[in-house]
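1. need coordinates for the below:
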Amino acid sequence: MSKITPFLWFDNNLGEAITYYTQIFKDSKVISKSTLKDITEGPVETVQTAEFELAGQRFMALAGGPMFKFTEAVSFYVNCNDQAEIDYYWNALTADGGQESRCGWLKDKFGLSWQIVPENLSKFLGNSDPAKAKKAMQAMLKMTKMDIAKFEEAVK
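-> Prediction:
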């Protein structure tokens, strides 16, 4: 286990969130979870705490209620191998109430922010030719979902 693990605070929909994320990200698993049934008397089975992995990244989570919300101040950066992978994650994470933003950013239906980017983004934005790097940045500022072909065109 990594020394630092992201800890996420959900409202009362942690079980739904775990199912959602583990279906989207390959190589994912639920490591452990506790329900209210585990700590109270009665039939309540709401997931209260959980530990899970998404694509090899471990997370801890709590269904803590509506007091705290996710903001864009924290996001998860997903490196994608190609346009098909960008399209897959973009479409999956904006489905069912997610919101598109600019420059590869989005919020999923739980309000968690993600950056869906090509793994070679730094090749475009950090091009050794300052004019090409500027064109790549200008192209990105016009994008909602990242488009590798538009980056490649910008740096020709």
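2. and the residue positioned nearest the centre of the chain, what element?
-> Taking CA atoms, centre = their mean, the centroid of the chain lies closest to residue 114, which sits 3.6 Å from it. For residue 114, the host element (DSSP states H and E) is strand 113-118.
3. next secondary structure after that strand?
-> Assigned by DSSP H and E, the successor of strand 113-118 is helix 121-125.
4. and that following helix, what does it pack onto?
-> In this structure, helix 121-125 makes packing contacts with helix 130-141, helix 148-154, judged by 3 or more CB pairs under 8 Å, 6 or more residues apart in numbering; DSSP states H and E. No exception for glycine: its C-beta is placed from N, CA and C like everyone else's.
5. what about residue 113, distance to residue 19?
-> According to CB to CB, to the nearest Å, residue 113 and residue 19 sit 20 Å apart.
6. comparing these two, which shows the higher neighbour count?
-> Neighbour comparison, residue 113 and residue 19: the larger count goes to residue 113, with 19 against 12 (by other CB atoms under 10 Å).
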